[in-house]
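Q: return a 3D structure for these sequence lines:
(chains A and B)
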Amino acid sequence: MLKVPDRLVVSAHPTSVSVTAVAVVRAGFLVFILALWWVASANLARNILPSPLTTLETAVHLLYGGVLQRATLQSIAVYLSGFGLAIAFAIPLGVAMGAFRPLGKTLEVYVYALAATPRVAFIPLIIVILGLGSEAKVFIVFLGAAMPILINTYAGVRQADGNLIEMARSVGASGPRIFARIILPGAVPYVIAGLRLGATIGLINTVVAELYTAVQGLGGLLAIYGNSFRMAEYFVVVLTLAAIGVVVTEGLRVLELRLGRWRV
Amino acid sequence: MSGGLTFEGVTKRFARRDGEAATALDAVTLAVEAQTFVALIGPSGCGKTTALRVANGLIAPDAGRVMVGGAAPRPGPEMGFVFQEFRLMPWATVLANVEFALEPLPFSRLERRDRARHYLALVGLERAAGSYPGQLSGGMKQRVALARALATEPGVLLMDEPFASLDAQTRELMQGELLQIWAARKPTVLFVTHSVDEALMLADSVVLMGQGRVLEHLDVDLPRPRNLAATRSNARFIALRDHLWARIRDLVLSDPKSAFFGREVCA
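A: So this is what the prediction gives:
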């Protein structure tokens, strides 16, 4: 048969930097931030900014007492429930809105309006209806996280590649097969972008919910320590929230890489 | 199983953005005999691509009818379509892209895989089966698309400027490969191109279109098998090319919508 060149793959990122170099630079930057923090804590009036070492000691202390773990677990439970519900609701609805034009046309105005309204505005209403317990908290997280997922999923399905659809029709693929094999995979990058946005907003709303409803979780600790000027404890909570944010967004990035292996 | 293809007074209009109807095909009547290779040529916007889409049954004509192997055309495994922009699924491997065309056929997974591999081998890409389209050059992508169109062993092959986006050398090599493949199974081919040379190099006959109409159907009486060097210096080839090129140039220069309208162009 016909001849093939030896190198089939025209590959390799021209701009790819070595992983270790990135790790070293990142670590260096961390040292820089810690140094800056330390200098600031040494020069500001006492008790406004705890030094890194004080913060670490406080963290150990809080962990010993079990306060931090309990609050973190409470927050994570609220966060994951709300985010999970948002995914379970927004992806199917976004797909349905994209697949059935009349449904999408009908709902999109309301979805955009709701997305543009600051969701915090609904908190008093939510408290009236759902009370101050975990249902209210989960719902506040859900409301924040669902919107970007819904809007992105909808957009992803709407922007399907017409050329690929025509190719699939020409091959004799049925409507459902075109949907499953062309339209849905094409929407995946949009959905993931929506998940990342939703994850961030969901975490913000977790803290907001814990501040506004029954005070508990990390948001609750934030309020307690902030109001009583226990700045070292307060800082530990802030750093814990940051750590959760990093874990979640990194997790979604790994998911994105796995699903986007073809993007070479 | 290779059927002939006929257009009988086929008319197709599209709504333009300004609200007027543009006529893409204007009472086109054309017969393509089974197992022949016919090239459609003409200036941009003359309805060539529309002709292919109507022939595939992707769009229905407003008037007239198309018959493929004695029946109305239906998209599916009986016809292969090769597009200019390859149209490969970027998230699927090369193998999965070829298999996609086989899915409507009653094959087992294993048979499907074997068949796809066989056609990838035919276009010289068996070793790229696990690659993603983004890892391939333009020429390789178009070979994958060709393998996908051939894998169902269609009686009719519709090709829409398949080599237009390839560089000149790749293009000539691909023309040679296509001729070899065609000669082995002889599907009926309708091949749209802008290139007079390509049309004459490949086809048994060339259909010249302009403004949605068939203007001329010309036999290409050049001996086969053809090869680039010998065929290009053939006196008959040169005569046909000069004739076609002159007609296309007149079409373009006399078209008020063309950028070259009314200009003196030495070509």
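Q: contacts for the helix or strand harbouring B:Q180?
A: Here B:Q180, judged by DSSP states H and E, is contained in helix B:168-185. For helix B:168-185, the external contacting residues (Cβ atoms under 8 Å, 6 or more residues apart in numbering or on different chains) are A:2, B:37, B:122-124, B:137-139, B:142-143, B:146, B:150, B:153, B:157, B:162-163, B:166, B:189, B:198, B:201-202, B:224-228. The C-beta positions use only the backbone N, C-alpha and C, and glycine is treated the same way.
Q: what subset of those residues is buried?
A: B:37, B:122-124, B:138-139, B:142-143, B:146, B:150, B:157, B:162-163, B:166, B:189, B:198, B:201-202, B:226 (16 or more other Cβ atoms under 10 Å in any protein chain shown).
Q: those residues also near chain A: which ones?
A: B:L122, B:V123, B:G124 (Cβ under 8 Å from any Cβ of the partner chain).
Q: if we take these, which one ends up nearest to A:Y112?
A: When these are ranked by distance to A:Y112 (Cβ to Cβ), B:V123 comes first, at 47.3 Å.
Q: please tell me how far the closest one sits from B:L150.
A: 8 Å (Cβ to Cβ, to the nearest Å).
Q: what parts of the stretch 151-264 of chain A come near chain B?
A: For the stretch 151-264 of chain A, the residues in contact with chain B (Cβ under 8 Å from any Cβ) are A:163-164, A:166-174, A:177, A:181-182, A:185-186, A:188, A:260-264.
Q: at 10 Å what do you get?
A: Residues of the stretch 151-264 of chain A lying close to chain B by Cβ under 10 Å from any Cβ of the partner chain are A:161, A:163-174, A:177, A:181-182, A:185-186, A:188-189, A:259-264.
Q: which residue is nearest the middle of chain A?
A: A:A199 (1.8 Å; Cα atoms, centre = their mean).
Q: one step back: secondary structure and distance to B:R249 added to the ones next to chain A among the buried ones among the contacts of helix B:168-185, as JSON lines?
A: Below are those laid out as JSON lines (DSSP: H, G, I helix; E, B strand; the rest coil; distance: Cβ to Cβ, whole Å):
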{"residue": "B:L122", "secondary structure": "helix", "distance to B:R249": "38"}
{"residue": "B:V123", "secondary structure": "coil", "distance to B:R249": "35"}
{"residue": "B:G124", "secondary structure": "coil", "distance to B:R249": "37"}
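Q: out of these, who's nearest B:R213?
A: For these, the nearest to B:R213 is B:V123 (35.3 Å; Cβ to Cβ).
Q: what sits against the closest residue to chain B within chain A?
A: Of all residues in chain A, A:G172 sits closest to chain B, at 3.1 Å by Cβ to the nearest Cβ. Residues in contact with A:G172 (Cβ atoms under 10 Å, 6 or more residues apart in numbering or on different chains) are B:G57, B:R74, B:P75, B:G76, B:P77, B:E78, B:M79, B:A101, B:E103, B:P104, B:L105, B:T152.
Q: let's verify the residue nearest to the centre of chain A: helix, strand, or coil?
A: Three-state call for A:A199 (DSSP: H, G, I helix; E, B strand; the rest coil): helix.
Q: need the contact list for it.
A: A:79, A:83, A:86-87, A:145, A:148-149, A:244-245, A:248-249, A:251-252.
Q: quick one: which of those residues is most hemmed in?
A: A:A145 (32 neighbours; other Cβ atoms under 10 Å in any protein chain shown).
Q: now the element after the host helix or strand of it, going C-ward?
A: Taking DSSP H and E as the criterion, A:A145 maps to helix A:134-158. Once helix A:134-158 ends, the next helix or strand along the chain (criterion: DSSP H and E) is helix A:162-171.
Q: output that following helix as CSV, nothing but the C-alphas.
A: Taking Å, rounded to 0.1, in the frame of the first residue of the first chain, the C-alpha atoms of helix A:162-171 are listed here in CSV:
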residue,chain,number,x,y,z
GLY,A,162,-22.7,22.9,12.1
ASN,A,163,-20.1,21.4,9.7
LEU,A,164,-19.6,18.4,12.0
ILE,A,165,-23.4,17.9,12.2
GLU,A,166,-23.6,17.9,8.5
MET,A,167,-20.8,15.4,8.3
ALA,A,168,-22.7,13.2,10.7
ARG,A,169,-25.9,13.5,8.8
SER,A,170,-24.1,12.6,5.6
VAL,A,171,-22.7,9.5,7.2
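Q: buried residues in that helix?
A: A:L164, A:I165, A:E166, A:M167, A:A168, A:R169, A:S170, A:V171.
Q: number of residues surrounding the closest residue in space to A:D161 that isn't next to it in sequence?
A: Nearest non-adjacent residue to A:D161, counting by Cβ to Cβ, 6 or more residues apart in numbering or on different chains: A:G186, 5.7 Å away. Residues within reach of A:G186, counting by other Cβ under 10 Å, total 19.
Q: if we can go back for a sec, packing partners for the helix holding A:A145?
A: helix A:67-99, helix A:101-116, helix A:123-130, helix A:184-212, helix A:217-227 (3 or more Cβ pairs under 10 Å, 6 or more residues apart in numbering or on different chains; DSSP states H and E).
Q: could you dump the ones you listed to a markdown table with mean pLDDT and distance to A:S51?
A: Shown next, in a markdown table, are the helices and strands packed on helix A:134-158 (pLDDT from 0 to 100; distance: least, Cβ to Cβ, whole Å):
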| stretch | mean pLDDT | distance to A:S51 |
| --- | --- | --- |
| helix A:67-99 | 95 | 19 |
| helix A:101-116 | 93 | 42 |
| helix A:123-130 | 92 | 36 |
| helix A:184-212 | 93 | 25 |
| helix A:217-227 | 91 | 17 |
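Q: and among those, the most buried is which?
A: helix A:184-212 (a mean of 22; mean count of other Cβ atoms under 10 Å in any protein chain shown).
Q: can you give the distance of that helix from its chain's centre?
A: 4 Å (Cα atoms, centre = their mean, to the nearest Å).
Q: with stretch A:110-127 instead?
A: That offset, for stretch A:110-127, works out to 19 Å (Cα atoms, centre = their mean).
Q: from one end of it to the other, what's the distance?
A: End-to-end distance of stretch A:110-127 (Cα to Cα, to the nearest Å): 23 Å.
Q: what's next to it, contact-wise?
A: So stretch A:110-127 is contacted by A:90, A:93-94, A:97, A:104, A:107, A:129, A:132-133, A:135-137, A:139-148, A:150-151, A:154, A:201, A:204-205, A:208-209, A:211-214 (Cβ under 10 Å, 6+ apart).
Q: what element comes up after the worst-scoring helix or strand of chain B on mean pLDDT heading to the C-terminus?
A: Least confident helix or strand, chain B: helix B:228-232 with a mean of 85, by mean pLDDT, DSSP states H and E. Toward the C-terminal end, the helix or strand that comes next after helix B:228-232 (DSSP H and E) is helix B:235-253.
Q: tell me the buried residues in the helix holding A:A145?
A: So helix A:134-158, judged by 16+ other Cβ under 10 Å, has buried residues A:134, A:136-158.
Q: quickly find the element holding the closest residue to B:A129 other than its chain neighbours.
A: What sits nearest to B:A129 in space, not counting adjacent residues and going by Cβ to Cβ, 6+ apart, is B:L95, at 4.1 Å. According to DSSP H and E, B:L95 maps onto helix B:94-102.
Q: which other helices and strands contact that helix?
A: helix A:162-171, helix B:109-122, helix B:138-151.
Q: go ahead and flag the most central residue of chain B.
A: By Cα atoms, centre = their mean, the mean C-alpha position of chain B lies nearest to B:M159, the distance being 2.0 Å.
Q: quick one: that residue from chain A, how far?
A: B:M159 sits at a distance of 12 Å from chain A (criterion: Cβ to the nearest Cβ, to the nearest Å).
Q: looking at this, that residue is in a strand?
A: Yes: judged by three-state DSSP, B:M159 forms part of a strand.
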